[in-house]
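In: Have a look at this prediction, sequence included:
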Amino acid sequence: MWLVLALTTAARANELTDDLGARRARVMERLGPETMLVLWSAPTQRYSLDIDYEYRQDSNLYYLTGITQDNTILVLMPGNASRREILFVKDKDPLQEHWHGRMLSLDEARSRTGIDTVLAGSQFETFVAAVLSGRGSGPIEPQEAGRFFGALSAGRAHVALALESGRSLADPPSQPLQFVQKLRDRFVGFGTIDAMPILEDLRTVKTPYERTILVKSVEISNEAQMAGMRAARPGAYEYEVKASIEAVHRGRGAVSWSYPSIVGSGPNATILHYRDGDRQMLAADLLLVDAACNYAYMSGDITRTYPVGGTFSSRQKDVYTIVLQAQEEGAKVAKPGASLQAIHAKTVEVVKAGLLKLGLITDPRGDQYRLWYTHGASHYIGIDVHDVGSRTRALQSGMAFTIEPGIYIRQSALDALPRTPENIAFIAQVQPAVRKYADIGIRIEDSFLLEEIGLRNLSASVPKTIEDIEAFLRTRTVSSTFGR
């Protein structure tokens, strides 16, 4: 048994190493021979005083190295005759290892990444200075980096960085920008380009290895979601459901959750990113649970909404039926050549018709529906739970994404409307329906993988129809996992 497990683990490690090498090769092909890419690991983040948050690696660095250790830097030089990949890992420090655990040795980093040239992090600045001065040093001799040095002399060389989107001028410069500013003070002959479009384009289409890991990740999340369903019951607290879910994540070998688990009952189900988890649940409540794990740096995303008491009320069924139909119709659109934007548009069409029927909107032609359907229906999944990629890009095999329509009825949404004559008339018409369906929040979300043979619902094993949910909840035991 142990021999089989060891062989399986070794085979998976070899598959990852091979896949990482192929990913780097594709990036270098896109960069071209006159560019040098530099990627940094994520910095550690302080929680309080001398305690750090649990470390999470930068997604792009992990995508190309598989390294989860901090203080790691990757350099790619596609134009080199050899040694096109150089990895820097933090210097060995026995005292720090005593306090915080073993650091990767150079040989271990070589084995894990498939990168032959691995250097101590203390050599990075000297290395960069030698390269950008055009003289070479250490592992990169002038004859080896002739293409880049020639481009540097001609003023055509580029340093590629993964630049963060959404940063404003008021934000402090990121580490890559600080790095470039220092280089420009000392060296000439190069420009700067953003490598994120290349990385986003490649990360959006999952490799066969990534697909396998994503399937495993969602399988664990499926099991965890059903553990949460078993723990939910009148009188229990939201945090008990959350604990049941996250115990499965860690018990099955996941790194952690892929996003903070959302477990909201009653009115809390209408809060999209509800965090508190301290409400005691009532039999008449709906419970919205949005939770999934990060397994080997691949993350799915699953949401289920179900009655704490075990049976949907007629009002809850009215809204649930609309959301489920919207998801089912959206999934029919998810074919090669379509887009996430097209999936969303289809769910909006269904939700508008349903809200009109319930009296929650008066005009399906406009944007009234946005009061109750307040987010997009789809996003990519992968290394990040909200993974990179354009929403208008044509879908193709290997893409993974969610479909997650939702309806959230809150009196506060009406109360916040400006009191224009048009809005006053609208409020008067829909107020009875808002009172009827007040505090009902429903989201249904599955993780999908578009394969060569069609769309695959990775979270299909988690009960979703009204009938299947009620049947599953009837199997709950009287006592919960935590003995209440």
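Out: That came through, no problem.

In: Pro94: neighbour count?
Out: Residues lying near Pro94 (other C-beta atoms under 10 Å) number 7. For every residue, glycine as well, the C-beta is placed using N, CA and C.

In: mind starting the numbering at 817 from now?
Out: All set: I'll call the first residue 817, so the last point we hit is now Pro910.

In: ok, now how distant is it from Arg839?
Out: If you measure Pro910 against Arg839 using C-beta to C-beta, to the nearest Å, the figure is 33 Å.

In: Next: Ala1142.
Out: According to C-beta to C-beta, Ala1142 and Arg839 sit 36 Å apart.

In: do the same with Gly1005
Out: Taking C-beta to C-beta as the measure, Gly1005 and Arg839 are separated by 29 Å.

In: One more: Ser1072?
Out: 23 Å.

In: These two: who's more crowded?
Out: A count of neighbours by other C-beta under 10 Å puts Arg839 above the other of Ser1072 and Arg839, at 20 against 15.

In: Quick check: the more buried one touching Thr881?
Out: No - here Arg839 does not reach Thr881: they are 9.3 Å apart, not a contact under C-beta atoms under 8 Å.

In: in the chain, which residue is closest to the centre?
Out: Among the residues of the chain, the smallest C-alpha distance to the mean C-alpha position (C-alpha atoms, centre = their mean) belongs to Val1201, namely 1.4 Å.

In: quick one: that one and Ser1077 touch, right?
Out: No - using C-beta under 8 Å as the test, Val1201 is too far from Ser1077 to be in contact (11.7 Å).

In: For the spatially most distant residue from the centre of the chain, give me its contacts.
Out: Ranked by distance from the centre of the chain (C-alpha atoms, centre = their mean), the top residue is Pro1237, with 42.7 Å. With contacts taken as C-beta atoms under 8 Å, 6 or more residues apart in numbering, Pro1237 has no neighbouring residues.

In: nearest residue to Arg899 other than its sequence neighbours?
Out: With C-beta to C-beta, 6 or more residues apart in numbering as the criterion, Arg899 has its nearest non-adjacent residue at 4.9 Å, and that residue is Thr933.

In: What of Leu847?
Out: Pro894 (5.1 Å).

In: Verify the stated contact: that neighbour with Arg842.
Out: No - because the distance of 10.8 Å does not satisfy C-beta under 8 Å, Pro894 is recorded as not touching Arg842.

In: Which one's more surrounded, those two?
Out: Here Pro894 and Arg842 are set side by side on neighbour count (other C-beta under 10 Å), and the busier one is Pro894, at 22 against 15.

In: who touches that one in this structure?
Out: 844-845, 847-849, 851, 900.

In: Now it, what are its backbone angles?
Out: Main-chain dihedrals, Pro894, degrees, to the nearest 10: phi -60, psi -30.

In: I'd like to know how far it sits from Thr1008.
Out: The gap separating Pro894 from Thr1008 is 16 Å, by C-beta to C-beta.

In: ditto for Glu1145
Out: Glu1145 is 45 Å from Thr1008, by C-beta to C-beta.

In: cool, Lys1168 as well?
Out: Using C-beta to C-beta, which is the criterion applied here, Lys1168 is 46 Å from Thr1008.

In: quick one: low-confidence ranges for the chain?
Out: Of all residues in the chain, those with pLDDT under 70 make up the ranges 817-827, 952-954, 981-988, 1293-1300.

In: Given the helix or strand hosting Val975, what are its sheet partners and their directions?
Out: Remark: Val975 resides in strand 973-977, with elements defined by DSSP states H and E. On the basis of DSSP bridges, the sheet neighbours of strand 973-977 come out as strand 851-856 (parallel), strand 1006-1010 (parallel).

In: any chance of the ones you listed in JSON lines, plus mean neighbour count and distance to Gly1222?
Out: Shown next, in JSON lines, are those (neighbours: other C-beta atoms under 10 Å; distance: least, C-beta to C-beta, whole Å):
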{"stretch": "strand 851-856", "mean neighbour count": "24", "distance to Gly1222": "36"}
{"stretch": "strand 1006-1010", "mean neighbour count": "16", "distance to Gly1222": "34"}
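
In: Distance to Arg1207 added to those strands, as TSV?
Out: Formatted as TSV, the entries for these read as follows, by distance: least, C-beta to C-beta, whole Å:
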stretch	distance to Arg1207
strand 851-856	25
strand 1006-1010	19
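
In: and of these, who's closest to Thr942?
Out: Each of the strands paired with strand 973-977 was checked against Thr942 via C-beta to C-beta, and the shortest separation belongs to strand 851-856, namely 14.3 Å.

In: can you map out the helices along the stretch 867-1016 of the chain?
Out: 875-881, 910-916, 922-929, 940-948, 962-969, 991-1002, 1012-1020 (DSSP state H, counting those that start in this stretch).

In: closest to Ile1029 out of those helices?
Out: Proximity of the helices of the stretch 867-1016 of the chain to Ile1029 was assessed by C-beta to C-beta; the nearest stretch is helix 875-881, lying at 12.0 Å.

In: Which residues lie in contact with Pro1221 in this structure?
Out: Under the criterion of C-beta under 8 Å, 6+ apart, the contact partners of Pro1221 comprise 1139, 1142-1143, 1146, 1163, 1166-1167, 1189, 1193, 1259-1260.

In: again, but for Tyr869
Out: In this structure, Tyr869 makes contact with 860-863, judged by C-beta under 8 Å, 6+ apart.

In: out of those, who's nearest Gly1270?
Out: Checking the contacts of Tyr869 against Gly1270 by C-beta to C-beta gives Gln861 as the nearest, at 41.2 Å.

In: Grab the nearest non-local neighbour of that closest one.
Out: By the measure of C-beta to C-beta, 6+ apart, the closest residue to Gln861 outside its immediate chain neighbours is Tyr869, 4.6 Å from it.

In: helix or strand right after the helix or strand that contains Thr1137?
Out: Assessed by DSSP H and E, Thr1137 sits inside helix 1130-1149. Going down the chain from helix 1130-1149, the next helix or strand is helix 1156-1174, by DSSP H and E.

In: show me what contacts Ser1275?
Out: Per C-beta under 8 Å, 6+ apart, neighbours of Ser1275: 1034, 1037-1038, 1041, 1116, 1118, 1262-1263.

In: how close does it get to Glu1035?
Out: Applying C-beta to C-beta to Ser1275 and Glu1035 gives a distance of 9 Å.

In: All set now, cheers.
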